[in-house]
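Novice: sequence and predicted model, in that order:
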Amino acid sequence: MKIIMFLPLLLLVCSVSAHQTETAVQQSRTQDIHAALRELTASVADQKVRMAFLEKQTQEQEAKLERQKTEIDQLKLKSEVKQVAFSASLLEQGAGDTGTFNIQITLVFKHVVTNIGNAYNKNTGIFTAPVRGAYHFDWKVYGYGNTETGGVLFRNGEHIFIAYESPTSGSVSASNGASLLLEVGDQVFVRLWAGSRISDNENHHTTFSGHLIFTM
């Protein structure tokens, strides 16, 4: 009789114990999941930091490569344009006068005898610097009679020097020269002095020349 009364109690105890065990197991699993999630979250955060660092390194490397490419291109350009020189006279052929005008006009020297580096444009009369460096220019203008004879050297819009004479009779020539520091793209040309007249013929009296001295 005592055994029969004890069995329900034993079953109840076993049931409670099993429930507690299952609860403990579930709690342990939950804790394990939470721990795994924390580790995963930390790992993801670490990966994000690593990816950001790698991305920054990649950008820095790309910027460095771009700078190196630019430097190489500049060195290549300098090596390609070590020799720049041109020389031209005003008229392509025949003889003729230019002027007078009440404003300065750009002279177009059409008879080109030298144009190493192709920096001088015979259609515009403008020399364009292909590389940063020191250049030297010479120009000469020829005139006659009692009219002023003058030509002005310009760098971009800047008046540099003038070659000028004011004859009272006969013929006369005026010449000048200048050495200039030019940046890539700077333009150099000669303008006819306002109110003056110049002349040229098959002997090529009126000329414009220039060359690169050295790069910088």
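Specialist: Great, that's in hand.

Novice: where does the spatially closest residue to Thr100 that is not a sequence neighbour land on pLDDT?
Specialist: In space, not counting the residues next to it along the chain, Thr100 is nearest to Arg197; the distance is 4.9 Å by CB to CB, 6 or more residues apart in numbering. Every residue, glycine included, has its C-beta placed from N, CA and C. According to the model's per-residue confidence, Arg197 sits at a pLDDT of 95.

Novice: helices of this protein, start to end?
Specialist: Counting by DSSP state H, residue ranges of the helices within the chain are 2-80.

Novice: domains of it?
Specialist: Under automatic domain parsing, the residue ranges defining each domain of the chain are 1-80, 83-215.

Novice: most tightly surrounded among the ones you listed?
Specialist: domain 83-215 (a mean of 17; mean count of other CB atoms under 10 Å).

Novice: starting at the chain centroid, how far to it?
Specialist: Centroid separation for domain 83-215 versus its chain: 29 Å, with CA atoms, centre = their mean, to the nearest Å.

Novice: which residues does Glu165 contact?
Specialist: Contacts of Glu165 were listed using CB atoms under 8 Å, 6 or more residues apart in numbering, and they are Gly143, Glu148, Thr149, Gly150, Val172, Ser173, Ala174.

Novice: recalculate using a threshold of 6 Å.
Specialist: The contact partners of Glu165, taken as CB atoms under 6 Å, 6 or more residues apart in numbering, are Thr149, Val172, Ala174.

Novice: could I get those residues as a markdown table with distance to Lys64?
Specialist: Rendered in a markdown table, the data for these read as follows (distance: CB to CB, whole Å):
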| residue | distance to Lys64 |
| --- | --- |
| Thr149 | 57 |
| Val172 | 60 |
| Ala174 | 54 |
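
Novice: so of those residues, which ones are in strands?
Specialist: Secondary-structure check on the contacts of Glu165 using DSSP state E: residues within strands are Thr149, Val172, Ala174.

Novice: okay, those in TSV with pLDDT and distance to Ser28 next?
Specialist: Conversion of the ones in strands among the contacts of Glu165 to TSV gives the following (pLDDT from 0 to 100; distance: CB to CB, whole Å):
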residue	pLDDT	distance to Ser28
Thr149	94	107
Val172	91	112
Ala174	95	105
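
Novice: which member of those is positioned nearest Lys82?
Specialist: For the ones in strands among the contacts of Glu165, the minimum distance to Lys82 (CB to CB) is 32.3 Å, reached by Ala174.

Novice: quick one, what contacts that closest one?
Specialist: Counting by CB under 6 Å, 6+ apart, the residues that Ala174 touches are Val141, Thr149, Ala163, Tyr164, Glu165.

Novice: go with 10 Å
Specialist: 139-143, 148-151, 162-167, 193, 196, 198, 206 (CB atoms under 10 Å, 6 or more residues apart in numbering).

Novice: low-confidence ranges in this protein?
Specialist: The chain contains residues with pLDDT under 70 at 1-22, 24-25, 73-81.

Novice: right, and Val141 touches Ser196 too?
Specialist: Yes: with contact defined as CB atoms under 10 Å, Val141 and Ser196 form a contacting pair (8.0 Å).
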